[in-house]
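> Got a predicted structure here, sequence first:
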Amino acid sequence: MSTLSSWLRGFALLVIAAVVLAVSGCGSMRPPEGISPVTPFDLARYEGRWYELARLDHSFERGMTDVSATYQRQADGSVRVVNRGFVTVKNEWRQAVGKALFTGDAQTASLKVSFFGPFYGGYHVAALDADYQWALVVGPDRSYCWILSRSKQLAPAVRGQLLARASALGIDTQALIWVTHERTDPQP
(Lines give C-alpha, C1' and ligand atoms only; values in the text may rest on other atoms or scores of the structure.)
Protein backbone atom coordinates (compact mmCIF):
# COMPACT_ATOMS: atom_id res chain seq x y z
CA MET A 1 0.00 0.00 0.00
CA SER A 2 2.91 2.37 0.62
CA THR A 3 3.99 2.04 -3.02
CA LEU A 4 0.52 3.11 -4.17
CA SER A 5 0.52 5.90 -1.60
CA SER A 6 3.92 7.12 -2.80
CA TRP A 7 2.78 6.95 -6.41
CA LEU A 8 -0.39 8.93 -5.63
CA ARG A 9 1.62 11.51 -3.70
CA GLY A 10 4.04 11.85 -6.63
CA PHE A 11 1.15 12.10 -9.10
CA ALA A 12 -0.54 14.77 -6.95
CA LEU A 13 2.69 16.79 -6.86
CA LEU A 14 2.98 16.48 -10.64
CA VAL A 15 -0.59 17.74 -11.11
CA ILE A 16 0.03 20.64 -8.72
CA ALA A 17 3.23 21.56 -10.59
CA ALA A 18 1.37 21.46 -13.91
CA VAL A 19 -1.38 23.73 -12.56
CA VAL A 20 1.18 26.18 -11.16
CA LEU A 21 3.00 26.28 -14.50
CA ALA A 22 -0.26 26.77 -16.39
CA VAL A 23 -1.36 29.61 -14.12
CA SER A 24 2.03 31.32 -14.22
CA GLY A 25 2.09 30.97 -18.03
CA CYS A 26 -1.28 32.72 -18.25
CA GLY A 27 0.13 35.65 -16.30
CA SER A 28 2.74 36.16 -19.01
CA MET A 29 -0.04 36.96 -21.50
CA ARG A 30 -0.77 40.27 -19.76
CA PRO A 31 1.25 43.37 -20.54
CA PRO A 32 3.83 44.36 -17.95
CA GLU A 33 2.47 46.48 -15.12
CA GLY A 34 2.21 50.13 -16.14
CA ILE A 35 2.09 49.38 -19.88
CA SER A 36 -1.24 49.72 -21.65
CA PRO A 37 -1.78 48.18 -25.08
CA VAL A 38 -3.01 50.48 -27.84
CA THR A 39 -6.75 50.84 -28.17
CA PRO A 40 -8.55 51.20 -30.51
CA PHE A 41 -6.54 48.79 -32.63
CA ASP A 42 -7.31 47.82 -36.22
CA LEU A 43 -5.79 44.49 -37.24
CA ALA A 44 -6.62 45.12 -40.89
CA ARG A 45 -4.32 48.16 -40.82
CA TYR A 46 -1.63 46.28 -38.84
CA GLU A 47 -1.49 43.37 -41.28
CA GLY A 48 1.39 43.06 -43.70
CA ARG A 49 5.16 43.34 -43.42
CA TRP A 50 6.98 45.23 -40.68
CA TYR A 51 10.74 45.69 -40.46
CA GLU A 52 12.38 45.16 -37.10
CA LEU A 53 14.52 48.23 -36.54
CA ALA A 54 15.53 47.61 -32.93
CA ARG A 55 15.19 44.87 -30.33
CA LEU A 56 16.41 43.76 -26.96
CA ASP A 57 18.75 40.78 -27.25
CA HIS A 58 17.38 37.24 -27.02
CA SER A 59 18.85 33.97 -28.20
CA PHE A 60 16.15 33.33 -30.81
CA GLU A 61 17.24 36.43 -32.80
CA ARG A 62 20.88 36.68 -31.82
CA GLY A 63 23.15 37.45 -34.77
CA MET A 64 20.27 38.16 -37.14
CA THR A 65 20.05 41.10 -39.50
CA ASP A 66 17.38 42.11 -42.00
CA VAL A 67 14.60 40.90 -39.69
CA SER A 68 10.97 41.33 -40.67
CA ALA A 69 7.61 40.16 -39.39
CA THR A 70 4.54 39.65 -41.53
CA TYR A 71 1.06 39.44 -40.01
CA GLN A 72 -1.97 37.99 -41.79
CA ARG A 73 -5.47 37.47 -40.39
CA GLN A 74 -6.78 33.91 -40.79
CA ALA A 75 -10.36 32.77 -41.37
CA ASP A 76 -10.59 31.44 -37.79
CA GLY A 77 -9.75 34.87 -36.32
CA SER A 78 -6.16 34.01 -35.50
CA VAL A 79 -3.19 35.84 -37.00
CA ARG A 80 -0.46 34.08 -38.98
CA VAL A 81 2.96 35.45 -38.00
CA VAL A 82 6.00 34.93 -40.22
CA ASN A 83 9.30 36.15 -38.79
CA ARG A 84 12.30 36.16 -41.14
CA GLY A 85 15.87 37.21 -40.74
CA PHE A 86 19.35 36.68 -42.07
CA VAL A 87 21.73 34.66 -39.87
CA THR A 88 25.10 36.20 -40.63
CA VAL A 89 27.30 33.40 -39.23
CA LYS A 90 25.50 30.81 -41.38
CA ASN A 91 25.01 33.13 -44.35
CA GLU A 92 21.37 32.04 -44.69
CA TRP A 93 17.81 33.20 -44.21
CA ARG A 94 15.82 31.74 -41.33
CA GLN A 95 12.06 31.77 -40.94
CA ALA A 96 9.68 30.95 -38.11
CA VAL A 97 5.93 30.68 -38.59
CA GLY A 98 3.65 31.25 -35.62
CA LYS A 99 0.11 31.95 -34.58
CA ALA A 100 -1.24 34.90 -32.62
CA LEU A 101 -4.56 35.23 -30.79
CA PHE A 102 -6.07 38.26 -29.12
CA THR A 103 -6.05 37.91 -25.34
CA GLY A 104 -9.29 39.86 -25.10
CA ASP A 105 -11.16 42.35 -27.26
CA ALA A 106 -9.78 42.60 -30.82
CA GLN A 107 -9.87 46.40 -30.43
CA THR A 108 -7.01 46.13 -27.91
CA ALA A 109 -3.49 45.41 -29.23
CA SER A 110 -2.74 42.66 -26.74
CA LEU A 111 -2.08 39.24 -28.22
CA LYS A 112 -0.43 35.99 -27.35
CA VAL A 113 1.94 34.48 -29.92
CA SER A 114 3.20 30.93 -30.28
CA PHE A 115 5.95 29.54 -32.45
CA PHE A 116 6.19 26.34 -30.40
CA GLY A 117 2.85 24.56 -30.18
CA PRO A 118 0.91 25.23 -27.01
CA PHE A 119 3.45 27.67 -25.53
CA TYR A 120 2.44 31.32 -25.90
CA GLY A 121 4.11 34.60 -25.01
CA GLY A 122 2.62 38.06 -24.66
CA TYR A 123 2.80 40.55 -27.55
CA HIS A 124 1.57 44.03 -26.68
CA VAL A 125 1.63 47.06 -28.97
CA ALA A 126 2.46 49.85 -26.50
CA ALA A 127 2.68 52.69 -29.03
CA LEU A 128 1.48 52.91 -32.61
CA ASP A 129 1.65 55.57 -35.29
CA ALA A 130 -1.78 56.94 -36.26
CA ASP A 131 -1.05 55.84 -39.84
CA TYR A 132 0.32 52.43 -38.75
CA GLN A 133 3.83 53.26 -39.99
CA TRP A 134 5.72 52.36 -36.80
CA ALA A 135 5.04 50.41 -33.61
CA LEU A 136 6.62 49.90 -30.20
CA VAL A 137 5.98 46.34 -29.01
CA VAL A 138 6.71 44.79 -25.62
CA GLY A 139 6.48 41.19 -24.52
CA PRO A 140 5.39 39.67 -21.23
CA ASP A 141 7.96 41.77 -19.38
CA ARG A 142 10.28 44.69 -20.05
CA SER A 143 13.12 42.46 -21.26
CA TYR A 144 11.27 42.01 -24.56
CA CYS A 145 10.96 45.07 -26.78
CA TRP A 146 10.85 45.70 -30.50
CA ILE A 147 10.65 48.84 -32.60
CA LEU A 148 8.93 48.02 -35.89
CA SER A 149 8.44 50.11 -39.01
CA ARG A 150 6.88 49.77 -42.43
CA SER A 151 10.15 51.11 -43.85
CA LYS A 152 13.75 50.08 -43.20
CA GLN A 153 14.59 53.41 -41.52
CA LEU A 154 12.97 55.92 -39.21
CA ALA A 155 13.29 59.67 -39.37
CA PRO A 156 15.59 60.84 -36.55
CA ALA A 157 12.75 62.74 -34.83
CA VAL A 158 10.51 59.65 -34.84
CA ARG A 159 13.36 57.48 -33.58
CA GLY A 160 13.92 59.95 -30.74
CA GLN A 161 10.20 59.96 -29.85
CA LEU A 162 10.10 56.16 -29.76
CA LEU A 163 13.20 55.95 -27.60
CA ALA A 164 11.72 58.50 -25.18
CA ARG A 165 8.45 56.57 -25.05
CA ALA A 166 10.23 53.25 -24.48
CA SER A 167 12.38 54.77 -21.75
CA ALA A 168 9.29 56.23 -20.05
CA LEU A 169 7.82 52.71 -20.03
CA GLY A 170 10.88 51.37 -18.22
CA ILE A 171 12.60 49.77 -21.22
CA ASP A 172 16.41 49.78 -21.15
CA THR A 173 16.87 51.70 -24.39
CA GLN A 174 20.67 51.62 -24.01
CA ALA A 175 20.49 47.85 -24.51
CA LEU A 176 18.55 48.05 -27.80
CA ILE A 177 20.23 46.41 -30.78
CA TRP A 178 19.71 48.41 -33.97
CA VAL A 179 19.06 45.99 -36.82
CA THR A 180 20.68 46.56 -40.20
CA HIS A 181 18.69 46.06 -43.39
CA GLU A 182 21.16 45.75 -46.25
CA ARG A 183 20.00 42.57 -47.97
CA THR A 184 17.04 41.91 -50.20
CA ASP A 185 14.86 39.18 -48.77
CA PRO A 186 14.29 36.59 -51.53
CA GLN A 187 10.71 36.13 -50.27
CA PRO A 188 8.33 39.10 -50.57
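In hand now; what should we look at? Computed from a predicted structure; not experimentally measured. Numbering: from 1, shown residues only.
> contacting residues for the residue positioned nearest the centre of the chain?
By C-alpha atoms, centre = their mean, the chain has its centre lying nearest to Y123, at 4.3 Å. Neighbouring residues of Y123 by C-beta atoms under 8 Å, 6 or more residues apart in numbering: 100, 110-113, 137, 139. Every C-beta, even on glycine, is put in place using the N, C-alpha and C of the backbone.
> If we use 10 Å, what do you get?
29, 31, 37, 69, 79, 81, 98, 100-101, 103, 109-113, 137-140, 144, 146 (C-beta atoms under 10 Å, 6 or more residues apart in numbering).
> give me the beta-bridge partners of it?
Counting by DSSP bridges, Y123 is bridged to L111.
> Tell me how far P37 lies from L111.
Here the distance between P37 and L111 works out to 9 Å (C-beta to C-beta, to the nearest Å).
> Quick check: closest non-adjacent residue to A127.
L136 (3.9 Å; C-beta to C-beta, 6 or more residues apart in numbering).
> helix, strand or coil for that neighbour?
At L136, secondary structure determined by DSSP: H, G, I helix; E, B strand; the rest coil is strand.
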